[in-house]
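Chemist: need coordinates for the following:
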Amino acid sequence: MYDTLIIGAGLSGLSAGIRLAYFGQKVCVLERHYTIGGLNSFYRLRHRDYDVGLHAVTNYAKPGTKTGPLSKLLRQLRLKWDDFDLRPQTQSRVIFPGVELKFTNDFSLFVEEVSRAFPAQRDAFRQLVARIDSHDELNLGQQPVSARQVLGEIISDPLLIDMLFCPLMFYGSAVPGDMDFNQFVVMFKSIFEQGFGRPYAGVRLIMKNVIRKYRECGGELRLRAGVKEIVTDGRRTTGVILESGEQLEARNVVSSAGLAETLRMCGTESAPEHQNDPRNVPGDISFMESIFMIDKQPSELGHHDTIIFYSDVPEFHYENPDAPCDLRSGIICSPNNFEYEQPLSEGCMRITALANHRYWLNLPEEEYQSQKQIWANRMLEGGIKHTPDFRPHILDTDVFTPRTIKRFTSHINGCVYGAPHKRMTGETHLENLFLCGTDQGYLGIVGSMLSGITIANLHLLKGEAVRP
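Modeler: Alright, predicted model coming up:
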């Protein structure tokens, strides 16, 4: 009998596991795949190391900072600043036709940039920032409010609104064309006010130290242990049945698999009204990404930006596109362009764009590889409008689609940010089954870890939550 079983060895699940194991719970993290990480993992392909998921760690803070999300999670998990070893970004940009906004980890630069590019919106933007800074994004009882509605009441220029939305949606919205205002605040603070950092060794350093801490605390990890069913009596869960047929008993279950995915695991014992509730629908937003390894440092080619968020049309579109890939906008990331003491061994450029999950999930296997390459090339052609042409320097390429995401995360539709309706408290229809991760609502590296910590603290470190 376990105190808590955790479904999924991503950062949220492992963080919940560390917290619980540290306080003496018997905890086991169950992972369907052969490696940890979920949406933020790493792999080796053709003798090269690749990160998947991680462009940058948001919520950057300098070592020793006493406040802020990163400082909080390090304290809660008893991790050290060196366990993340974050180096700040150089400079990032938001680029729309005829206008751009630069930002670094110094928020005052972004304020100046908005004032320069949109002088008539200077006071309105400062009013928005005051509204954001006074908002309590940690209040788990808030009702959803349209961020577009809030911004539209303060800012009158739709172009500025779209330029603010572009990075925040790309890095954290499961809602087509909008965001919940609370989620907008979380992402605005984490990207614009706090900024980006990245470990020299990429996400593998973070994952290595998280799993080390989990095991030091006595947590158990089982790979290739996919959950087939969450066993319930209609009111509570008593454990899970693995795909192997093995049954494990537990007083509590935490799932990082997503709400709709978790309800499916509850099977016929889950009341139909819960599975048919429109608030429980899976997400519809997914992405395609091409990772290009190059024989030069991007800075040697004249590219110094860490991340570029771009739209080639004045009105930013954020929805499941009709085409296999939306070439109107995207993200260009260079992991090389952080303030490292020495350069990475090879150059890297990553281009990401919205993708039609229905197309990629239903494409016959014999067409999949060729279409993947065709659309990767089209994304590349769109991306180099905003960077030096690095095509002559490409050494190797890897591409992932919604099909890849679904394979390694089991997210319905291969959707990175989960369902559009979040369960901030992590509660489900079963009194001892809880959500952490994307469908709880905290996103990004730091956000997902805080999600696991929050659910552990809120529900599972109380005496009544672990009684038989």
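Chemist: what sits against Met1?
Modeler: For Met1, the contact set (C-beta atoms under 8 Å, 6 or more residues apart in numbering) comprises 26, 249-251. Yep, even glycine has a C-beta here, placed from its N, CA and C like the rest.
Chemist: go again using 10 Å as the cut-off
Modeler: 26, 238-239, 248-251, 468 (C-beta atoms under 10 Å, 6 or more residues apart in numbering).
Chemist: again, but for Asn280
Modeler: Asn280 makes contacts with 259-260, 262-263, 273-274, 419, 421, 423, 428-429, 439, as judged by C-beta under 10 Å, 6+ apart.
Chemist: quick check: pLDDT value at it.
Modeler: Note on Asn280: pLDDT of 72.
Chemist: and if you look at the one 3 residues further on?
Modeler: At Gly283, the model reports a pLDDT of 86.
Chemist: I figured it hits Thr409, correct?
Modeler: No: contact criterion C-beta atoms under 10 Å: Gly283 and Thr409 do not qualify, at 11.4 Å.
Chemist: and the contacts of Asn280, which are buried?
Modeler: When the contacts of Asn280 are checked for burial by 16 or more other C-beta atoms under 10 Å, the buried set is 259-260, 262-263, 419, 421, 423, 428-429, 439.
Chemist: possible to save the contacts of Asn280 as CSV with pLDDT and distance to Ser41?
Modeler: Converted to CSV, the contacts of Asn280 look like this (pLDDT from 0 to 100; distance: C-beta to C-beta, whole Å):
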residue, pLDDT, distance to Ser41
Leu259, 92, 22
Ala260, 90, 22
Thr262, 94, 21
Leu263, 92, 25
Glu273, 55, 35
His274, 58, 30
Ala419, 87, 21
His421, 87, 26
Arg423, 90, 24
Thr428, 93, 26
His429, 92, 30
Asp439, 91, 19
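Chemist: now, these that are in strands?
Modeler: Among these, no residue falls in strands (DSSP state E).
Chemist: what is the most widely separated pair among the residues you listed?
Modeler: For the contacts of Asn280, the maximum inter-member distance is 18.4 Å, found between Glu273 and Asp439 (C-beta to C-beta).
Chemist: show me where pLDDT drops low in the stretch 251-400 of the chain?
Modeler: 268-279 (pLDDT under 70).
Chemist: quick one, helices of it?
Modeler: Along the stretch 251-400 of the chain, counting by DSSP state H, counting those that start in this stretch, helices occupy 259-266, 272-276, 357-362, 365-383.
Chemist: and those helices, which is most packed in?
Modeler: helix 259-266 (a mean of 23; mean count of other C-beta atoms under 10 Å).
Chemist: who does it touch, helix- and strand-wise?
Modeler: strand 2-7, strand 227-232, strand 237-242, strand 247-255, helix 272-276, strand 433-435 (3 or more C-beta pairs under 10 Å, 6 or more residues apart in numbering; DSSP states H and E).
Chemist: where among these is the average confidence lowest?
Modeler: helix 272-276 has the lowest average pLDDT among the helices and strands packed on helix 259-266, namely a mean of 57.
Chemist: ok, back up a step: okay, and the common contacts of Gly283 and Thr409?
Modeler: 258, 415-416, 418, 438.
Chemist: identify the farthest-apart pair in the residues you listed.
Modeler: Counting by C-beta to C-beta, the most remote pair of those is Gly258 and Val416, 10.7 Å apart.
Chemist: could I get the helices and strands packed on helix 259-266 as a markdown table with distance to Phe96?
Modeler: Below are the helices and strands packed on helix 259-266 laid out as a markdown table (distance: least, C-beta to C-beta, whole Å):
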| stretch | distance to Phe96 |
| --- | --- |
| strand 2-7 | 40 |
| strand 227-232 | 44 |
| strand 237-242 | 47 |
| strand 247-255 | 39 |
| helix 272-276 | 40 |
| strand 433-435 | 36 |
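Chemist: if you compare those, which one is most tucked away?
Modeler: strand 433-435 (a mean of 27).
Chemist: off-centre distance for that one?
Modeler: With C-alpha atoms, centre = their mean, to the nearest Å as the basis, strand 433-435 stands 19 Å off its chain's centre.
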